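Participant: coords below, sequence missing:
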């Protein structure tokens, strides 16, 4: 019997698997497994199969490296998206976040990481070569650098800007500043500082 | 594409399955799935298989209804346990909690619920008949009623006491009182009241 007195090695194994997930503790995992044991066999099987499908069925889009069920993702395959505009993001979650705004109608390119000399991640470890090739071949008119405002994100943005400059007419980056609804008093210095430097003509401001 | 812009129906299905578990929200489920997608195929398969085993491999002990991998659980099958002492509990988690104390060397009987007239749960809906049969056939000398101190737990304890009285020499219940380390000032009235009623001779008190 295990230290937490689980009387079945199969239950123990399921608990160990679940608690290997981030932020799932051993006690929560046991609670989840005991809950699943109340399900009928078909429901448990459906659960297990949908996990298994993650290994076999989920692909990455050949063009933009977004999650996909086929060789091209829904966004790349859509005839309604602007094929000359690419938004460069770090992760798949960033694609979902931007899609949720419903403000962007172009394509994406998921780098799958950012350049980080400290962690030994160089330009060849993220999807940069494929991006440069894409921009050349697809005749992209504009790219948006939508990377996080971290040191690594900025490093990657500078690197990409240098590489993309000869290939692409327009390179833009996300507007930074005070969030809507934020009070100046509580804004951090860097955001407030940048939003003064990058002040917008009053009649062009989107309010 | 789904409302949360998950670009793969397989990922979506896995998210839906995980978020059907208690206290796993949709956002956490997505985070877990994106984490699993970084695993290699073998690891995902091992995860899925251990969930599937919950449906096919986990059994309940024929004698005490504890979780088990075979017809008798480890506790019932052990020659080192006192076969004439049964601790009656509501759930499998209660067995684990009592085992963790290392203070009990008898057997268990898991009722799988308590009598609750309000919810329409009668004596025949929990494992009571099998308990009475067991006590008769096994020549049990003592049973301990280790039920929760809720209205339903007390109802069940009274019912069991009535039924077990002619069959078994000794019927005891868990000692109730102020927890070790608790301050009187902050104890609830019922616990404090009961611990005055059931006061223990000073030289017998376990301190």
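Facilitator: Nice, thanks for sending it over. Note that the structure is predicted; figures quoted are calculated from it, not measured. Numbering: from 1, shown residues only, chains lettered A, B, ... in the order given.

Participant: just the helices from chain A, written as ranges.
Facilitator: For chain A, the helices defined by DSSP state H cover A:9-18, A:26-36, A:41-56, A:74-77, A:92-101, A:129-138, A:151-164, A:189-197.

Participant: in the second one, which residues are buried?
Facilitator: What that stands for is helix A:26-36. A:28-34, A:36 (16 or more other Cβ atoms under 10 Å in any protein chain shown). From N, CA and C alone the C-beta is placed, and that goes for glycine too.

Participant: same list (these) but as a markdown table, adding pLDDT.
Facilitator: Formatted as a markdown table, the buried residues of helix A:26-36 follow (pLDDT from 0 to 100):
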| residue | pLDDT |
| --- | --- |
| A:28 | 93 |
| A:29 | 95 |
| A:30 | 93 |
| A:31 | 93 |
| A:32 | 96 |
| A:33 | 95 |
| A:34 | 93 |
| A:36 | 96 |
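
Participant: of those residues, list those near chain B.
Facilitator: A:28, A:30-34, A:36 (Cβ under 8 Å from any Cβ of the partner chain).

Participant: let's test this: name the helix or strand in chain A with the lowest mean pLDDT.
Facilitator: Scoring the helices and strands of chain A by mean pLDDT, DSSP states H and E places helix A:189-197 at the bottom, with a mean of 78.

Participant: buried ones in it?
Facilitator: A:192, A:195.

Participant: quick one on the thing from earlier: tell me the one of the buried residues of helix A:26-36 nearest residue A:19?
Facilitator: Nearest to residue A:19 out of those is residue A:29 (Cβ to Cβ; 3.9 Å).

Participant: list the contacts of residue A:109.
Facilitator: Shown in contact with residue A:109 (Cβ atoms under 8 Å, 6 or more residues apart in numbering or on different chains): A:64-65, A:86-89, A:127, A:130-131, A:134.

Participant: pLDDT and neighbour count for these - can I get that in JSON lines?
Facilitator: Listed next are those as JSON lines, based on pLDDT from 0 to 100; neighbours: other Cβ atoms under 10 Å in any protein chain shown:
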{"residue": "A:64", "pLDDT": "96", "neighbour count": "25"}
{"residue": "A:65", "pLDDT": "96", "neighbour count": "22"}
{"residue": "A:86", "pLDDT": "95", "neighbour count": "25"}
{"residue": "A:87", "pLDDT": "94", "neighbour count": "21"}
{"residue": "A:88", "pLDDT": "95", "neighbour count": "25"}
{"residue": "A:89", "pLDDT": "95", "neighbour count": "25"}
{"residue": "A:127", "pLDDT": "96", "neighbour count": "18"}
{"residue": "A:130", "pLDDT": "96", "neighbour count": "15"}
{"residue": "A:131", "pLDDT": "96", "neighbour count": "23"}
{"residue": "A:134", "pLDDT": "95", "neighbour count": "18"}
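
Participant: give me the buried positions along stretch A:153-173.
Facilitator: Residues A:153-154, A:156-157, A:159-160, A:163-164, A:167-168, A:171, A:173 are the ones in stretch A:153-173 that count as buried (16+ other Cβ under 10 Å).

Participant: contacting residues around residue A:27?
Facilitator: Shown in contact with residue A:27 (Cβ under 8 Å, 6+ apart): no residues.

Participant: got the domain boundaries for chain A?
Facilitator: Domain ranges of chain A: A:9-56, A:82-174, per automatic domain parsing.

Participant: and the spatially most central residue of chain A, what pLDDT?
Facilitator: Residue closest to the mean C-alpha point of chain A, counted by Cα atoms, centre = their mean, is residue A:91 at 2.3 Å. You'll see residue A:91 listed with a pLDDT of 92.

Participant: any idea how far it is from chain B?
Facilitator: Distance of residue A:91 to chain B, given as Cβ to the nearest Cβ, to the nearest Å: 8 Å.

Participant: surely that residue meets residue A:112?
Facilitator: Yes. At 7.3 Å, residue A:91 counts as touching residue A:112 under the criterion of Cβ atoms under 8 Å.

Participant: which residues does the closest residue to the residue nearest to the centre of chain A other than its chain neighbours contact?
Facilitator: Closest residue to residue A:91 apart from its sequence neighbours, by Cβ to Cβ, 6 or more residues apart in numbering or on different chains: residue A:110 at 6.7 Å. Residues counted as contacts of residue A:110 (Cβ under 8 Å, 6+ apart) are A:64-66, A:89-92, A:94-95, A:127.

Participant: quick check: bridge partners of the nearest residue to residue A:92 once chain neighbours are set aside?
Facilitator: In space, and not counting its chain neighbours, residue A:92 is closest to residue A:67: 5.4 Å by Cβ to Cβ, 6+ apart. Beta-bridge partners recorded for residue A:67 (DSSP bridges): residue A:60.

Participant: so what's residue A:67 up against?
Facilitator: So residue A:67 contacts A:58-61, A:73, A:92, B:6-8, B:11, B:37 (Cβ under 8 Å, 6+ apart).

Participant: swap in residue A:44?
Facilitator: A:36, B:51-52, B:54-55.
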